[in-house]
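> Build the 3D model from these lines:
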Amino acid sequence: MLEKIVQGIEPLDDYSMKKAKEYIDSLAKPLGSLGTLETLGIQLSGITKKIKNSFKKRCVIIMCSDNGVVEEGIASAPQYVTLAQTKHFIKGGTGVAALAKENNTELIVVDIGINSDEKIEGVIDKKIRKGTNNLYKEDSMTYEEAIKSIEIGIEMAKKVKEDGFEIVGVGEMGIGNTTTSSAVLSLLIDKDIDLLVGKGSGLTDKAFIKKKQVIKKAVERVNSNNPIEILKSVGGFDIGGMVGVFLGCAYYKIPVVVDGFISAVSALLACKINPLVKEYLIPSHKSYEIGYKLAMESLGLEPILNLNMRLGEGSGCPIAFSIIDFSMAIINNMGTFEDAEIDNSYLEEIRLEKNYKVEV
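Below you'll find the predicted structure:
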């Protein structure tokens, strides 16, 4: 399945983006004056092959999994919080649940590796096993498990496509996953650990030092730049699942919103598997985690919001959906120069003088 999906991803439709830009330029406003709202509209037209779009049926897929490395004391919360918060998603009590409810967004919660035998009503059971190995001592998972985690994410993208969802956000829950994602990022961009490892949800100074030591030792063991080998060696099942969602959304031509740090690292990993995935990504908000900036720089993307957030869970996605709605409102509802009976021939001279263009 993975090979088929990776090879089947296509670039955005250039013709549709060209026509979308021409239409946006015909709207009664100065050229480029709506900035990101315009570039979003052009990107989305390239995905859907339509100038006018609506993304009212939306969801956030949340991959939930535990990480064996927590036994090294590198997390501020105990491991059982993964299970507790997963239940809380279904009850509607988490940050992302509150934001999703306010913005007519469904949560699709997936147990891809929680350290529990409990079956949670409302959670999709795709458990590979009860948490990964301790990456400080050995590989997080087998190569086969890494592939399986990605393919589970692809299956979820296929499911939401079949269920009629028009746009997807990607989030996670897993105590210890800022450690796994930092290790993955270090290997993907070959940067020193001290430059990209943050305190996560709030470590003590002692635990923070230990966290960096654990990551340094783990990445020293890896001598491959193959993205799936990296996932296998130091990643988590949640990261693999998110990678699969990004790949699957690109294959099924669904716009996909990136949340914070862990989501961004997973998106980068997906782009290392197939660079065309980038064209389908919409970064939501700038994460407060220090590694986020490096992940975004490697992706060559800019978040559309800066709210000093660092919650994770997919919490930035419902907020970003509103910005996307505003982009669609401009294209779908705004009048043209012709509608307003305004002669816009002067704009061509401005375009030529300033070499005006919208980056896509």
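
> can you give me the strands for this structure?
Along the chain, counting by DSSP state E, strands occupy 58-65, 105-113, 124-125, 167-173, 256-258, 281-283, 285-287, 305-309.

> Go through those strands and name the closest to residue 141.
Nearest to residue 141 among the strands of the chain is strand 105-113 (8.9 Å), distances taken as CB to CB. C-beta: built from backbone N, CA, C; applies to glycine.

> quick one: the closest one to strand 58-65, angle?
Angle of strand 105-113 versus strand 58-65, following axes from the mean of the first three to the mean of the last three CA atoms, to 10 degrees, is 20 degrees.

> and strand 105-113, which strands flank it?
Paired neighbours of strand 105-113 in the sheet (DSSP bridges): strand 58-65 (parallel), strand 124-125 (parallel).

> Just the buried residues of it, please?
105, 107-113 (16 or more other CB atoms under 10 Å).

> In CSV: those, plus distance to residue 152 and pLDDT.
Converted to CSV, the buried residues of strand 105-113 look like this (distance: CB to CB, whole Å; pLDDT from 0 to 100):
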residue, distance to residue 152, pLDDT
105, 21, 98
107, 17, 98
108, 12, 98
109, 13, 98
110, 7, 98
111, 10, 98
112, 6, 98
113, 10, 98
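
> okay, among these, which ones form the most distant pair?
Taking CB to CB, the two most distant members of the buried residues of strand 105-113 are 105 and 113; they sit 24.3 Å apart.

> Could you dump the buried residues of strand 105-113 into TSV and include distance to residue 246?
Listed next are those as TSV, based on distance: CB to CB, whole Å:
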residue	distance to residue 246
105	18
107	18
108	15
109	18
110	14
111	20
112	15
113	18
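
> and which of those is nearest to residue 77?
Distance to residue 77, by CB to CB, is smallest for residue 113 among these, at 17.1 Å.

> How about the contacts made by the most centrally placed residue in the chain?
The structure's the chain has its C-alpha centroid closest to residue 258; by CA atoms, centre = their mean the separation is 2.5 Å. Applying CB atoms under 8 Å, 6 or more residues apart in numbering, one finds that residue 258 lies in contact with 170, 264, 267, 281-284, 301.

> Show me the beta-bridge partners of it.
With DSSP bridges as the criterion, residue 258 is bridged to residue 170, residue 283.

> Against residue 285, how distant is it?
9 Å (CB to CB, to the nearest Å).

> what's the closest of the strands of the chain to residue 41?
Residue 41 lies closest, by CB to CB, to one member of those: strand 281-283, at 11.6 Å.

> Give me the contacts around the longest helix along the chain.
Secondary structure of the chain per DSSP state H: the longest helix is helix 143-162. Residues outside helix 143-162 that contact it (CB under 8 Å, 6+ apart) are 1-2, 5, 59, 61, 63, 108, 110, 112-113, 124, 126, 128-129, 141, 168, 228-229, 231-232, 235, 237, 239-249, 251-252, 254.

> Could you identify the buried members of those?
The neighbour count (16+ other CB under 10 Å) marks 2, 5, 59, 61, 63, 108, 110, 112-113, 124, 126, 128, 141, 168, 228-229, 231-232, 235, 237, 239-249, 251-252, 254 as buried among the contacts of helix 143-162.

> before we move on, back to that, of the buried residues of strand 105-113, closest to residue 336?
Among the buried residues of strand 105-113, residue 105 lies closest to residue 336 (CB to CB), at 31.6 Å.

> isn't that closest one right next to residue 169, touching?
Yes - using CB atoms under 8 Å, residue 105 makes contact with residue 169 at a distance of 7.4 Å.

> joint contacts of those two?
Both residue 105 and residue 169 are in contact with 58-60, 317-318, 321, where contact means CB under 8 Å, 6+ apart.

> Residue 35 and residue 42, how far apart?
Remark: distance between residue 35 and residue 42 (CB to CB) = 12 Å.
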